[in-house]
Each structure stands twice: as C-alpha cells, then as structure tokens.
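Q: From the sequence below, what's the structure:
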Amino acid sequence: MYLNAVPFPALLQLINSLSAKPSQGEFLGKGNVKIFFSRGAWAMAEGINTILQARGIRRGKVWFPDYFCNESLFAVRGLPVELFFYPIEKETLNPDWQALERFIKKSCLPDIFVLVHYFGFPNGLTEAKNFCKHYGAVLMEDAAHVLLPLGGIGSSDVTVYSPRKILAVPQGGVLALSMKYSRQEEKKSNKNNFLYIAQWLVRRFVQKALLVMGLPCHFITKPNTSSAMIQEGNCNIMLSDNSDCMMFTRKLLKVMEENLQEIVEKRKENYELLYYMIKNFKGVRFPYPPLLEEYCPYVFPIIIEKEKISKPVEYQQIPGLIFPLRF
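A: Got it, this is the predicted structure:
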C-alpha cells in the first residue's frame, strides 16, 4: 500500500497559486540553470542530450545502476546512446566500486555516469566524482526522489529532480545545469491543460477523502502521460506536448516553496518514528538508518527476510507496511 504525504494541496495554496509567479526553481540551489518538464524522465533525456552535444559525441555510452525503473528510460531510449547497467551493493544500494572496475574491463568506458540518490538519501557522491574524473566521464545525479539539495546532492554539473513525486503538484521534472552546460534558450512552460488539472484535482480529493476515512487508496491510478513519438537514433529528442511543464504546476510549486523546510522536518520525523517502531523486528534490515542530519526521505525502505520472521504478529499490526512505504 502506498500512502502519499500530501495527496491534495491545501485550498489556500490553490487560491494563492492563481496570482503567484511561476517558480524558477530557486529552492534547488543557486548558480545553475533550471529547465522545467512535465516529468523527470524528460529532464533526464534532455540532460543526456545536452552533455552529448556539448562534448561532440555522436553515440554516447551511458551507465545506469542495475536497480533502475525501466519506465523512466522511455525518453532516453530515443537518444543516440548505448545503455549499460552497472552493479550496485544490495545492502546499501551504493555503486559496487570494486565490481565496477571489473565491469569496465569487460564493457567500455562511460561517457555519462548516472548516480541515483535512492529514496532521498545521498549516495556515494564523492566516490562517483572521483570515478568520473579518473575515467573522463560526466557525472549526472538522478535526484528524482530528492526534495531539496541536502547532503551535497546537486553539486555536480547535471542533476535531475522530480518535485511531483514528493509535493502535491500534478507534474514537474527539473533539469539543473551548471553554467558549463547551460544554453541561451530555455524551454518554456506550456499552456495549462485544464482538463488534466481538473482530473488531477478530483483524483487527489478522492484520495484524501479515502485516507481520512481510513480506506485504501492505492488503486487510484493516474493517466499515462509518458507516451510520445520518439525515434531511435534521433540526436534532437522530439519533445511532445507531454514533456512541457504547465504554468499551473510552476505557480503551485512557487506557493509550496514557502513550507519546504516544514515538509522536510515532518518527513524526517515520520521516518524516524517508523524506524524505532520496527528496528528490533527479526528479519528486517534498513538500508538507511536515520543517522544523517541532512536528508529528506521519499519513502521508508526496508528489506524483509521472510524466512527469518518466525511469528510476525507485531509486523502485521502495521497495515500496508511493504517495501517501500510512503508516508
């Protein structure tokens, strides 16, 4: 079962968004250019395309971790790239650096190395920078699970964010580029799709009502916005209307920027509460114990060894607890 933290924006937020200025992504740090998309998948594809063009690479070799959502690669697969999936450590989800050295001998040198900050936690950033410097690759940070650039996240030249995963906005992916890769033109937000906005509000309202009544809401699905006509090997990715970020999203995001630190603290509080409730359960391990000061969890990931849970009576008292749990 998946429980969203903020399934429906506050009424005052919706009202204020009518007169708000569109967000420029200031909350994601200074000193870089932010380009808005409807989804992080489009932002990632545009980031990879930007790097390839800047380096004059016709067909790039891009390394992703082997624990990665295939749905998020639909736009990347339309670029002139070869995808390689490098091994990660199963306990910590960090790149397995020793295995990478063996992997690089069997495959090829990467042009772009994608480092994923899983579930909102910083992931091997120093090691990744050293690895990329040694092999001449460009580091791209996948911070789609990250709300704010904490713990050094976003300090590389190219970072992808996805505010729609954490905040109550209908869409939103952001590509943050350093001045090294920034361009003069900026992708403009598209006109508002009022039908899509209305459908989103109805779904979120129903979801909120079900949560208040203590009923499951995970069956509520969202429309598929990822479909787009893109051709394999086309260097200039064909950005359809689905890739554009609506002005409504950026205005609502601007309103929510005022309370981001409050959201961070509440998510940390919920994460730590869940951790201390189940930390002594047999057969349960935690990739990310709440030891970091600078983090904002996206979900509560746990690893369950079913064969070691003898009598999971207490576990069953926490309804819907699976890997991962949103809160």
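Q: C-alpha from now on. contacts and neighbour counts both.
A: Noted.
Q: List the buried residues in stretch 286-297.
A: Of the residues in stretch 286-297, 288, 290, 295, 296, 297 count as buried by neighbour count, 16 or more other C-alpha atoms under 10 Å.
Q: how about JSON lines for those residues, with distance to residue 272 added?
A: As requested, the buried residues of stretch 286-297 are arranged in JSON lines below (distance: C-alpha to C-alpha, whole Å):
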{"residue": "288", "distance to residue 272": "11"}
{"residue": "290", "distance to residue 272": "6"}
{"residue": "295", "distance to residue 272": "12"}
{"residue": "296", "distance to residue 272": "11"}
{"residue": "297", "distance to residue 272": "10"}
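Q: Max pairwise distance over those: which two?
A: Within the buried residues of stretch 286-297, 288 and 296 form the most distant pair, 11.6 Å apart (C-alpha to C-alpha).
Q: what sits in contact with each of those two?
A: Taking C-alpha atoms under 8 Å, 6 or more residues apart in numbering as the contact criterion, the common neighbours of residue 288 and residue 296 are residue 121.
Q: Now do the phi/psi pair for the residue most central in space within the chain.
A: The geometric centre of the chain, computed from its C-alpha atoms, lies nearest to residue 144 (C-alpha atoms, centre = their mean), at 1.3 Å. The main-chain torsion angles of residue 144 are listed as degrees, to the nearest 10 and equal phi -60, psi -20.
Q: Contact partners for it?
A: By C-alpha under 8 Å, 6+ apart, the contact set of residue 144 is 40, 117, 160, 161, 162, 163, 165, 173.
Q: The residues you listed in strands, which ones?
A: Using DSSP state E to define strands, the subset of those located there is 160, 161, 173.
Q: How confident was the prediction at the first one?
A: This means residue 160. At residue 160 the predicted local distance difference test score is 97.
Q: What is the neighbour count of it?
A: 30 (other C-alpha atoms under 10 Å).
Q: returning to that earlier point: same list (the buried residues of stretch 286-297) but as TSV, adding secondary structure.
A: TSV is the format used below for the buried residues of stretch 286-297 (DSSP: H, G, I helix; E, B strand; the rest coil):
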residue	secondary structure
288	coil
290	coil
295	coil
296	coil
297	coil
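Q: Give me the mean pLDDT for stretch 181-197.
A: Per-residue pLDDT values over stretch 181-197 give a mean of 74.
Q: And it, end to end?
A: The first and final residues of stretch 181-197 sit 33 Å from each other (C-alpha to C-alpha, to the nearest Å).
Q: So residue 37 sits against residue 172, correct?
A: Yes: taking C-alpha atoms under 8 Å as the definition, residue 37 is a contact partner of residue 172 at 5.8 Å.
Q: which neighbours do those two share?
A: Residues touching both residue 37 and residue 172 (C-alpha under 8 Å, 6+ apart) are residue 245.
Q: hey, where'd the helices end up in the stretch 101-250 of the chain?
A: Per DSSP state H, counting those that start in this stretch, the stretch 101-250 of the chain has helices spanning 125-135, 194-212, 247-256. These are given in chain order.
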